[in-house]
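>>> Coordinates for the following, if possible.
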Amino acid sequence: MKSLVAKKVATGAIAALLTLEILFAPVGLAEIAPADITVNATLELEPAVPVESPVELVEVASSERQWTGVTLSREGRIFVNYPRWSDNVTFSVGEIGESGEVRPFPDRRWNNWNPSLAPEQHFICVQSVYVDRDNFLWIVDTANPKFQGAIANGIKLIKVDLSKNEVVRTIHFDDSVAPPASYLNDVRVDTKRNYAYLTDSELGALIVVNLTTGESRRLLDNSSTTEAENIALVIEGKKWRSPDGTIPQIHSDGLALDLTGDYLYFQALSGRSLYRIQTKWLRDESLSEAELEEKVEFLARTGAADGIEFAPDGYVYLSALEDNAIKRYSPDGKLEIVVQDDRLAWPDSFAIGPDNSIYVTTSQIHRGANPPEPYRIFKFKF
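All right, here's what the predicted structure looks like:
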């Protein structure tokens, strides 16, 4: 592996209103005139070969409402979240019951939101959920409904005690860590060192939270490693564009923590490069931004991915948006296609079940507001 300080190619974050149009435009993936953008198509991807043993996708749940995140507790309880990207969000975080019904979690009060309510005590726009090794649920509230800008005092990371189904801690982020235009996306928690790591997919950065002190820092804010790569994603045979013809550029999105907590893997959604960094450098407050960027390692050109996950088998799993597939990156640098299936319409977020099955949501973002089929959760066993 080599350290990389790549040349910046990203044109900056997406305009908030434009992002909303991308997600819900009736035209979906309609072909429109090319936008004025230099598409970085010269860098080839690593060759990906199918795994030797076929993998079976098993449908776990489906929904008529759009979800993004999924996570499982030690006991196999399944939690999901519905980001407030439209008015069709009746609650933000839910638990899926045995019969497939979803109930608000941890209660209706937390899931009740309107502008007259205290933003500190209610879910506003939840993007992801994650259960740590100590069996606590963490919830990322971007507080940025419809991408119209974050609600003041609303951006937060919430910890829930699953033994009591109660919120036990709320960490708020000020403007220096999460500016109003930010969109915090995913989270991983190192319970051994008591740190949390998040991505900002709207402006491009990593957020590091010292859970012992409650202090947070915004890192790699001006790094090309957390920014989009000026690429046009091709999904289901069509270029993903906004209604005005511009190409969406989504920055640092998925992230994964290895089993030791020593390495954090991350990637921009509008990018095909997988990076990692030793977490000790993210915790080292003596490093300058330039010194920290030097510590980032470029791993491979694996393809565009929304969610990524480090699994117990030692592989990094990636949601291959452009291929309706799941890929995995091996410790020795080999890229494999685990499963490819038309039902994987925008594979979004991963979770590891108590039996080591891998769960993945489909969010169909590229299909607009009225996709032709339900949103789904699948699982497969590696």
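>>> Quick check: the residue lying closest to residue 194 once chain neighbours are set aside vs residue 132, distance?
Using C-beta to C-beta, 6 or more residues apart in numbering and skipping the chain neighbours, the partner closest in space to residue 194 is residue 211 (4.4 Å). In this view, the C-beta of every residue, glycine as well, is placed from N, C-alpha and C. Distance, residue 211 to residue 132, by C-beta to C-beta, to the nearest Å: 10 Å.
>>> overlap in contacts of those two?
residue 189 (C-beta atoms under 8 Å, 6 or more residues apart in numbering).
>>> circling back: report pLDDT for the residue nearest to residue 194.
Note on residue 211: pLDDT of 98.
>>> and it, how many residues sit next to it?
Other residues within reach of residue 211, judged by other C-beta atoms under 10 Å, total 18.
>>> Distance of it relative to residue 281?
With distances taken as C-beta to C-beta, residue 211 is found 18 Å from residue 281.
>>> need the helices for this protein, in chain order.
Ranges of helices in the chain, per DSSP state H, are 16-24, 108-111, 279-282, 289-294.
>>> Alpha carbons of the last one, in PDB - could you do that?
Backbone C-alpha positions of helix 289-294 (Å, rounded to 0.1, in the frame of the first residue of the first chain) are rendered in PDB as follows:
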ATOM      1  CA  GLU A 289      -4.200  18.400   7.900                       C
ATOM      2  CA  ALA A 290      -1.400  17.900   5.400                       C
ATOM      3  CA  GLU A 291       0.300  15.400   7.600                       C
ATOM      4  CA  LEU A 292      -2.900  13.500   8.200                       C
ATOM      5  CA  GLU A 293      -3.600  13.300   4.400                       C
ATOM      6  CA  GLU A 294      -0.200  11.800   3.900                       C
END
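>>> pLDDT on it, on average?
Here the average pLDDT along helix 289-294 is 98.
>>> now that helix, how far from the chain's geometric center?
Between the centre of helix 289-294 and the centre of its chain there are 24 Å (C-alpha atoms, centre = their mean, to the nearest Å).
>>> Identify the residues contacting the residue lying closest to residue 152 once chain neighbours are set aside.
Distance criterion C-beta to C-beta, 6+ apart; nearest residue to residue 152, sequence neighbours excluded, is residue 119 at 6.9 Å. Neighbouring residues of residue 119 by C-beta under 8 Å, 6+ apart: 143, 151, 152, 153, 154.
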